[in-house]
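**Student:** have a look at this prediction, sequence included:
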Amino acid sequence: MTDEFELSHETDQRAAFTPAMEGLTQRAVTPYVTTDLGFEINTDSSLFDATFEEGDDGHDRRFGLAIDHLKGTVKGRAYDNDVMRLRVGPGGYYAQSQRFPAAFFGDTARAKVSFVSEAEAAAVVWEAVAHYRSEEARSLLCVYSDDDAPDFFLGYRVSDDHRYEIGNLSRAVPLHMRVLFDAAEDVSLVGAPSGTVIYQRTRTGKHVVVKAAGRRRPLLVGYGQHGPEGADLKHDLIVVGGGIAGCEAAYASARAGVRTLLVTTSLDTLYALAHDDYDLSAPSGSLMAACTTTLEATSVNAVALRREAKRLLEAETDLHLLQSTTSELLLAGDAVIGISTWEGVDRLSGRVALCVGSFLNARLRVGASEEHAGRLSEMAYDDLYHDLVGHGFLFETAQLRVDGLSGGLPYTVDCAVLSQGEWTQRGSRLARFAGLYAAGACVGRFGYVSAAQDGMALAASVVEDLGTPPA
């Protein structure tokens, strides 16, 4: 007996995995192969994230709205057991852990649902294991029990020579099995090189096999220029931080024809100075020079400078400004593929520039008062800092002393800056991940003019790497 519905991919466990995750800090993001319209949601990769122990709150921020949307779209037939909730319907399918709801996989793809015998179920499982062992599968999950600490196996292949495995494979037929294929040639189980097979033993003892060929585009966990051909990337460069270095990098990149996204916690404080008025010796060709020319002054007022800089940035057709808080890097192997934001939406690009000034793990002190801020009332990038530490980045501590604005009290800021050992020998590139750059105070170079020069140099490195001719 066979029912034709829609379905596709994977599911997980959570709290029971925590001891096994110690020391695993590389984010495992699948370079997806897309075959049609639609999307999928996969939270598997977060199990290998350095911030995994933050729990359900982080998952809710990142995936909550998308999961609710997909579940509302599917509304399909139930094939549940005590381990996994499985739904398949005309609008797609999803699998969600009964014990750890943050473990979720869903897809809008059409899938085939079949009821099989126990012997046929065992053959499907064993064939899936064989494909995983021969490196023709991206991931394999088998859950063998519904105990509080379930007996399970999870294997996740990050690259051709690197994979993570937790638990042990058993000869027993599991309660739930999910395999994601990523082979060079067609796999008989799905009739295509890529696809997903799910086996589930229902509460009533029926053996259900769900098959879907191909992959859909991930809604939140994405790919970048190091992913599949034909990936529809909206931005060539993401600049994180709207201070002087970030604005200069974004401005110069956009003027060179690089599709640029500037992400900052507040668009009201773009290009902000820590002084009411300041004498600037603007570098030629910089945004600073364009602003001071328009203002007809080298001694500029901070508010007037900020207003003019924002006007000029908004006028660039290849530059988009976004008010959002960057919380972590998205990676595929050793390459950057975008950023994740605190608000829960990922932004994809094969190049990311960190221009976060004095805001990494920043602590601002006014007298005996302390706040997590890089400037007065401007929140620090604590989540991003901890994500970078989790990926192995080394930091040093710097302290800034700032006079009060308009008669306000002076204050100090202690912040983290990237160690010199994180740099390559070429420009603004960071050695740890391909496509990652940094400039300005977050690499220990302070001062308004220095920040402008640093941002321009970063843009030149990006243009060089992209092969984009200057405008």
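**Tutor:** Yes, it's here. Predicted model, so just to flag it, every value in this text is computed and none were measured. Residues are numbered from 1 along each chain as shown.

**Student:** do a quick rundown of the strands in the stretch 201-350 of the chain.
**Tutor:** Remark: strands assigned in the stretch 201-350 of the chain by DSSP state E, counting those that start in this stretch are 207-213, 215-218, 237-240, 260-264, 277-279, 299-301, 319-323, 326-332, 335-341, 346-348.

**Student:** now the weakest link among these, please, by mean pLDDT.
**Tutor:** Lowest mean pLDDT within the strands of the stretch 201-350 of the chain: strand 215-218, at a mean of 64.

**Student:** can you pull the buried residues of stretch 165-172?
**Tutor:** 166-167, 169 (16 or more other C-beta atoms under 10 Å). (Each C-beta comes from the backbone N, C-alpha and C, glycine too.)

**Student:** and of the residues you listed, the nearest to residue 331?
**Tutor:** Of all those, residue 331 sits closest to residue 166, with 19.6 Å by C-beta to C-beta.

**Student:** quick check: which element contains that closest one?
**Tutor:** For residue 166, the host element (DSSP states H and E) is strand 162-167.

**Student:** pull the distance from that strand to the chain's centre.
**Tutor:** Put simply, strand 162-167 sits 21 Å off its chain's centre (C-alpha atoms, centre = their mean, to the nearest Å).

**Student:** what of stretch 292-307?
**Tutor:** Mean-position distance between stretch 292-307 and its chain equals 37 Å (C-alpha atoms, centre = their mean).

**Student:** residue 288: which of the strands of the stretch 201-350 of the chain is closest?
**Tutor:** Closest to residue 288 of the strands of the stretch 201-350 of the chain, according to C-beta to C-beta: strand 299-301, at 8.9 Å.

**Student:** pull up the pairing partners for the closest one, direction included.
**Tutor:** Counting by DSSP bridges, the strands paired with strand 299-301 are strand 277-279 (antiparallel).

**Student:** other residues contacting the partner strand?
**Tutor:** Here strand 277-279 makes contact (C-beta atoms under 8 Å, 6 or more residues apart in numbering) with 298-302, 448.

**Student:** swap in stretch 386-402?
**Tutor:** Outside stretch 386-402, the residues that touch it by C-beta under 8 Å, 6+ apart are 25-27, 49-51, 274, 327-329, 331, 358, 360-361, 375, 385, 410-419, 421-422, 432-433, 441, 444, 446.

**Student:** least trustworthy helix or strand in this protein by mean pLDDT?
**Tutor:** Here the helix or strand of the chain ranked lowest by mean pLDDT, DSSP states H and E is strand 2-5, holding a mean of 30.

**Student:** okay, the strands of the stretch 201-350 of the chain in TSV with mean neighbour count and distance to residue 201 next?
**Tutor:** Listed next are the strands of the stretch 201-350 of the chain as TSV, based on neighbours: other C-beta atoms under 10 Å; distance: least, C-beta to C-beta, whole Å:
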stretch	mean neighbour count	distance to residue 201
strand 207-213	22	6
strand 215-218	23	26
strand 237-240	30	44
strand 260-264	26	45
strand 277-279	12	70
strand 299-301	16	71
strand 319-323	18	46
strand 326-332	24	34
strand 335-341	25	35
strand 346-348	21	34
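
**Student:** related to what we said a few turns ago, which of the buried residues of stretch 165-172 sits closest to residue 379?
**Tutor:** Distances from residue 379 to these, taken by C-beta to C-beta, are shortest for residue 166, at 35.2 Å.

**Student:** which pLDDT value belongs to that closest one?
**Tutor:** Note for residue 166: predicted pLDDT of 86.

**Student:** measure it to residue 141 for me?
**Tutor:** Between residue 166 and residue 141 the distance, using C-beta to C-beta, to the nearest Å, works out to 10 Å.

**Student:** could you pull up the residues touching residue 458?
**Tutor:** 245, 249, 353, 355, 427-428, 437-439.

**Student:** can you pick the most crowded of these?
**Tutor:** Neighbour counts for those (other C-beta atoms under 10 Å) peak at residue 249, which has 36 neighbours.

**Student:** so how far is residue 238 from that one?
**Tutor:** 11 Å.

**Student:** okay, and the common contacts of those two?
**Tutor:** residue 353.

**Student:** name the helices or strands packed onto the strand ranked longest in the chain?
**Tutor:** Ranked by residue count, the top strand of the chain under DSSP state E comes out as strand 176-187. Using 3 or more C-beta pairs under 8 Å, 6 or more residues apart in numbering; DSSP states H and E, the elements in contact with strand 176-187 are helix 118-133, strand 137-143, strand 192-201.

**Student:** want to throw the strands of the stretch 201-350 of the chain into JSON lines with distance to residue 130?
**Tutor:** Putting the strands of the stretch 201-350 of the chain into JSON lines (distance: least, C-beta to C-beta, whole Å) gives the following:
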{"stretch": "strand 207-213", "distance to residue 130": "16"}
{"stretch": "strand 215-218", "distance to residue 130": "21"}
{"stretch": "strand 237-240", "distance to residue 130": "41"}
{"stretch": "strand 260-264", "distance to residue 130": "43"}
{"stretch": "strand 277-279", "distance to residue 130": "68"}
{"stretch": "strand 299-301", "distance to residue 130": "68"}
{"stretch": "strand 319-323", "distance to residue 130": "46"}
{"stretch": "strand 326-332", "distance to residue 130": "26"}
{"stretch": "strand 335-341", "distance to residue 130": "30"}
{"stretch": "strand 346-348", "distance to residue 130": "34"}
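
**Student:** okay, now the residue lying closest to residue 419 once chain neighbours are set aside: neighbour count?
**Tutor:** Distances taken as C-beta to C-beta, 6 or more residues apart in numbering put residue 394 closest to residue 419, at 4.1 Å, once the chain neighbours are dropped. Using other C-beta under 10 Å, residue 394 has 13 other residues around it.

**Student:** give me the pLDDT for residue 394.
**Tutor:** On the pLDDT scale, residue 394 gets 93.

**Student:** now it: how far from residue 384?
**Tutor:** For residue 394, the distance to residue 384 - C-beta to C-beta - is 15 Å.

**Student:** kindly report the same for residue 451.
**Tutor:** Residue 451 is 19 Å from residue 384, by C-beta to C-beta.
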